[in-house]
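*Asks:* Any chance you can model this:
(one chain, ligands or ions: 1)
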Amino acid sequence: MTLTRTGISKAVIPAAGLGTRFLPATKATPKEMLPVVDKPAIQYVVEEAVAAGLSDVLMITGRNKRPLEDHFDRNYELEEALTRKGDASRLARVRESSDLATMHYVRQGAPQGLGHAVLCAEPHVGDQPFAVLLGDDLIDPRDPLLARMITVQQQHGGSVIALMEVDPEQIHLYGSAAILPTPDPDVVRVTGLIEKPEPAQAPSHYAVIGRYVLDPAVFDVLRKTQPGCGDEIQLTDALRELAERDDTGGPVHGVVFTGRRYDTGDRGDYLRAIVRLACEREDLGPDFRTWLHTYVTQEMQA
Ligand code: G1P
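*Replies:* Below you'll find the predicted structure:
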């Protein structure tokens, strides 16, 4: 096993959700496979884990998730066809996803919530701190959040979550954290957490976004965590318990992220992510930006 400098080598990616917000596209295709420009959303997330030094990736999957395994595996038939055609650049693109990381899969069985999905990772993770990346959140590779979180975990021990300031009327969509400042401007101490609170109950406007570096003590807590919000076993509830500890598994710190994040689980944000990333692409960007400019100008005049 290759350990990173930090001793954290494993990333866990829960991918068992049903993707109902994207029906009918997700009737027979996992939502993680929906393309963002020309790559499935999940590939960006695996690339982010690898960029942070975590090349052992465990996906928590469920029914109908076979295409995920196929995507990160070799496709000899396609590779042979492209080799015969001498199409080296497409061949490289096909191989990119299978050469990326060492992939492992476990099935969640019953959809009992994010906390339950993370608990399914225990036999693979063992007793090392590990990262969790939620597939609906895309973090721009130019704003390396996970690497910063790993550094903070090394400094403080315990667990580290990613936080982002959101509009007060949006906080009911997220976990919300009670926080105290630390001498580091982008690091806070988390003293409490509530999953998807009513705005009046929210301890702050700091929302949990889908990146975590967790102490393995979280597994013991998750085993005892009762179903919470949405009648599901919530990771947020287990982290609240760890946040109250100074010993095993605690404390919990937050890294306040101010970079670029796209929520591909929301249809509007998904479209915005595609437009922004397409505009920035060297190959597609110049033509696409010109078209977009003309299109928007015409729309404004209509
Ligand atoms: C999950 C977490 C929530 C977090 C959110 C970030 O919720 O339970 O605490 O704020 O991800 O995207 P979900 O969006 O899966 O309902």
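
*Asks:* so what's G19 up against?
*Replies:* Counting by CB atoms under 8 Å, 6 or more residues apart in numbering, G19 makes contact with 25-26, 30-32. Placement of C-beta: from N, CA and C, glycine included.

*Asks:* so where do the strands sit in the stretch 1-150 of the chain?
*Replies:* With strands called from DSSP state E, counting those that start in this stretch, the stretch 1-150 of the chain shows them at 10-14, 35-36, 39-40, 56-61, 102-107, 130-133, 137-139.

*Asks:* got the ones you listed as TSV, with mean pLDDT and distance to L82 columns?
*Replies:* Below are those laid out as TSV (pLDDT from 0 to 100; distance: least, CB to CB, whole Å):
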stretch	mean pLDDT	distance to L82
strand 10-14	98	28
strand 35-36	96	19
strand 39-40	96	17
strand 56-61	97	25
strand 102-107	96	22
strand 130-133	98	30
strand 137-139	94	28
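
*Asks:* Out of the ones you listed, the one nearest L242 is which?
*Replies:* Among those, the nearest to L242 by CB to CB is strand 130-133 (13.4 Å).

*Asks:* if we can go back for a sec, out of the contacts of G19, which end up buried?
*Replies:* Burial by neighbour count, 16 or more other CB atoms under 10 Å: within the contacts of G19 this picks out 26, 30-32.

*Asks:* of the residues you listed, closest to H104?
*Replies:* The closest of the buried ones among the contacts of G19 to H104 turns out to be E32 (CB to CB; 15.7 Å).

*Asks:* Would you mind confirming that the closest one makes contact with K39?
*Replies:* No - applying CB atoms under 8 Å, one finds E32 not in contact with K39, separated by 11.4 Å.

*Asks:* So which of the contacts of G19 are in helices?
*Replies:* Among the contacts of G19, none falls in helices (DSSP state H).

*Asks:* Remind me what the helix or strand of the chain with the lowest mean pLDDT packs against, helices and strands.
*Replies:* When the helices and strands of the chain are scored by mean pLDDT, DSSP states H and E, strand 261-263 comes last with a mean of 91. With contacts taken as 3 or more CB pairs under 8 Å, 6 or more residues apart in numbering; DSSP states H and E, strand 261-263 sits against strand 137-139, helix 267-280.

*Asks:* quick one: low-confidence parts of the stretch 201-302 of the chain?
*Replies:* Within the stretch 201-302 of the chain, not a single segment meets pLDDT under 70.

*Asks:* Can you tell me who the closest residue to D269 other than its chain neighbours pairs with across the strands?
*Replies:* Distances taken as CB to CB, 6 or more residues apart in numbering place D263 nearest to D269, at 4.1 Å, with adjacent residues excluded. In this entry, D263 is beta-bridged to D137, by DSSP bridges.

*Asks:* List the contacts of D263.
*Replies:* 136-138, 269-270, 273.

*Asks:* 7 Å - rerun?
*Replies:* D263 sits next to 136-137, 269 when contact means CB atoms under 7 Å, 6 or more residues apart in numbering.

*Asks:* returning to what we had before: any chance of CSV for the contacts of G19, columns distance to the ligand and pLDDT?
*Replies:* Shown next, in CSV, are those (distance: CB to the nearest ligand atom, whole Å; pLDDT from 0 to 100):
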residue, distance to the ligand, pLDDT
A25, 18, 93
T26, 15, 92
P30, 15, 92
K31, 11, 92
E32, 13, 93
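
*Asks:* Export those as JSON lines, with columns for distance to G210.
*Replies:* Converted to JSON lines, these look like this (distance: CB to CB, whole Å):
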{"residue": "A25", "distance to G210": "21"}
{"residue": "T26", "distance to G210": "18"}
{"residue": "P30", "distance to G210": "17"}
{"residue": "K31", "distance to G210": "14"}
{"residue": "E32", "distance to G210": "13"}
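
*Asks:* Up against the ligand, what does the protein have?
*Replies:* 114, 134, 136-137, 174-175, 195, 207-210, 234-236 (CB under 6 Å from any ligand atom).

*Asks:* Ranking by neighbours, what's the top pick from those residues?
*Replies:* Counting neighbours by other CB atoms under 10 Å, L235 leads those with 30 neighbours.

*Asks:* Distance of it relative to P203?
*Replies:* Distance of L235 to P203, computed by CB to CB, to the nearest Å: 17 Å.

*Asks:* all helices of the stretch 51-200 of the chain, in order?
*Replies:* Using DSSP state H, counting those that start in this stretch, the helices found in the stretch 51-200 of the chain span residues 66-71, 76-85, 88-99, 114-119, 122-125, 145-156.
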